[in-house]
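A.B. asks: how does the following fold in three dimensions:
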Amino acid sequence: MASFIKDVFSVGVSKILILIFGLTTSIIIARVLGPEKNGLIAALLVYPSLFMTIGSLGIQQSTAYFLGKNLFSESQIKTAITQIWVLSSLMSVFVCFILMYYLSKSGENLLFVLLALIPIPFNLFNTYNTGIFLGKNEISRFNKINWIPKLIILLLTFLFLVTFSFGIIGYLIAMIGGPVFIFVILFLKNNFISSFKFKFDWLVIKKMMGLGIVYAVALLIINLNYRIDIILLDFLSIPYETGLYSKGSVLTEYLWQIPMLLSTIIFARSAISKDGLNFSLKVAQLLRISFLVITIGSLILLFFSEFIIVMMFGEEFRGSISVLKLLLAGVVLLTIFKVMNMDLAGKGKPWVSLKAMVPALVVNLILNIIWIPKYGANGAALASTVSYSFASLLFLHFYSKEVRIPIKVIISFKRTDFTPIFGLIKKIKK
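C.D. replies: Sure, this is the predicted structure:
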């Protein structure tokens, strides 16, 4: 557990940096562009965000799994990654262009669409690489790939929006800078040039994509649950409401960095764990701790929501306060899913999440269609909370059956849950 806590703090620093850089960027675009243009950006970027899960083909997760289990060599996996990357990038950019240009209101501006598409190949390559670091349990290198692009995007956003006043175009250009920078570093440092080969090892590619596609489908359904509200707001409402929703929900996304901090390490450790049951018991312990932390964080956001929203984003976003409040209950419960799902994913069982997320997506879709025309951003927030709650409770049931640990054991707090934390505090004091 000591090494686990060490990894938690290592990833924790990365997550704090991501939170600071991401939140500061969000504040800048809110203050400079206002609700309507923020709504246009949210609608414009929702499809590239979704296609990062489809186009990634679950290669990050399958890479970590096969490398962690020593089923293939690193050189075999790197060669397969480069070959899959070329094909997935072409597919993702093409299909995403069709969806953005013909289905999104923001897609009417061709320049916006093209700028939003450029980061896709670079983001895919970077995502594939993180699977290598997770499979080798190199958490510190994994961290850098995550926070450095956020810093570059922040700096470029300030440059193009505040200094040069380039508007939406400036922010879209900034979104390109971060992924391209990390792509160049990874490409040169990891010697990927030698991995580009015309000879295909079909066994490795087939195995990686076979498991990876299952991960990709699971991630797509999960992310659709997170993004369907933006897509439907774009169709059923106006950019102003989409902008309000995007800024109300962005704070909950940063709150999720706490369980995601644990999830990264859980996936890496689960992929190499020899004692699945014992590891799942540790995951349950981490769930209880993170659930408590998320609950406390959510209560703080609830009581100070008005001050936080207005202070960060301005009076124009006062309508985001109710959005934030409506989302918080669902965010707390979704902690269950976010932490425990990565245990099963690391065990090579990503399909279990579909049993909970597919029904939840249907609920989310129906409620959004009913409530968005009546209540706008608030309707989307309430639909998401109902969906998140339903998905989490359903997944808890399936997880309990899969790992053969009773639900009561998973959710019941124990005095020993906090022993590692107290031990760490004592070490820090010394």
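A.B. asks: going forward, measure contacts between C-alpha atoms and count neighbours the same way
C.D. replies: OK.
A.B. asks: ok, now which ones touch residue 52?
C.D. replies: The contact partners of residue 52, by Cα atoms under 8 Å, 6 or more residues apart in numbering, come to 120, 123, 124.
A.B. asks: so it is in which element?
C.D. replies: Take DSSP states H and E as the rule and residue 52 turns out to sit in helix 2-55.
A.B. asks: and that helix, how far out from the chain middle?
C.D. replies: Distance, stretch centre to chain centre, for helix 2-55: 8 Å (Cα atoms, centre = their mean, to the nearest Å).
A.B. asks: same question for stretch 82-93.
C.D. replies: Centroid separation between stretch 82-93 and its chain, computed with Cα atoms, centre = their mean, is 21 Å.
A.B. asks: and that stretch, what's buried?
C.D. replies: 82, 83, 84, 85, 88, 89, 92, 93 (16 or more other Cα atoms under 10 Å).
A.B. asks: you'd agree the fourth one is up against residue 126?
C.D. replies: Translated: residue 85. No: assessed by Cα atoms under 8 Å, residue 85 is found out of contact with residue 126, at 10.1 Å.
A.B. asks: point out where the stretch 101-250 of the chain drops to low pLDDT.
C.D. replies: 134-144, 190-191, 193-196, 211-212 (pLDDT under 70).
A.B. asks: so where do the helices sit in it?
C.D. replies: 110-117, 119-135, 139-157, 167-189, 202-236, 239-255 (DSSP state H, counting those that start in this stretch).
A.B. asks: packing partners for the longest one?
C.D. replies: In this structure, helix 202-236 makes packing contacts with helix 2-55, helix 59-68, helix 74-103, helix 239-255, helix 352-375, helix 377-403, judged by 3 or more Cα pairs under 8 Å, 6 or more residues apart in numbering; DSSP states H and E.
A.B. asks: tell me the most buried of those?
C.D. replies: Greatest average neighbour count among these goes to helix 59-68 (a mean of 28), per mean count of other Cα atoms under 10 Å.
A.B. asks: how close does residue 306 get to residue 337?
C.D. replies: Using Cα to Cα, to the nearest Å, residue 306 is found at 28 Å from residue 337.
A.B. asks: quick one: which of these two has more around it?
C.D. replies: Neighbour count, other Cα atoms under 10 Å: between residue 306 and residue 337, residue 337 has more, with 23 against 19.
A.B. asks: so that one touches residue 392, yeah?
C.D. replies: Yes: Residue 337 lies in contact with residue 392 (Cα under 8 Å); the separation is 5.2 Å.
A.B. asks: buried sites along the one helix or strand residue 277 maps to?
C.D. replies: Element membership of residue 277, judged by DSSP H and E, is helix 276-303. By neighbour count with 16+ other Cα under 10 Å, helix 276-303 contains the buried residues 279-280, 283-291, 294-295, 297-298, 301-302.
A.B. asks: what angle sits between that helix and helix 239-255?
C.D. replies: 130 degrees (axes from the mean of the first three to the mean of the last three Cα atoms, to 10 degrees).
A.B. asks: which SSE is immediately downstream of helix 276-303?
C.D. replies: With DSSP H and E, the next secondary element past helix 276-303 is helix 305-313.
A.B. asks: remind me what the next helix-or-strand element following that following helix packs against, helices and strands.
C.D. replies: Toward the C-terminal end, the helix or strand that comes next after helix 305-313 (DSSP H and E) is helix 320-346. Contacts defined by 3+ Cα pairs under 8 Å, 6+ apart place helix 320-346 against helix 59-68, helix 239-255, helix 257-272, helix 276-303, helix 305-313, helix 377-403.
A.B. asks: mean pLDDT for those: which is lowest?
C.D. replies: Among the helices and strands packed on helix 320-346, helix 257-272 carries the lowest mean pLDDT, at a mean of 58.
A.B. asks: quick check: residue 417 touching residue 285?
C.D. replies: Yes: contact criterion Cα under 8 Å: residue 417 and residue 285 qualify, at 5.9 Å.
A.B. asks: how much space between the nearest residue in space to residue 30 that is not next to it in sequence and residue 22?
C.D. replies: In this structure, residue 30 finds its nearest non-sequential neighbour in residue 313, 5.5 Å apart by Cα to Cα, 6 or more residues apart in numbering. Residue 313 sits 13 Å away from residue 22, going by Cα to Cα.
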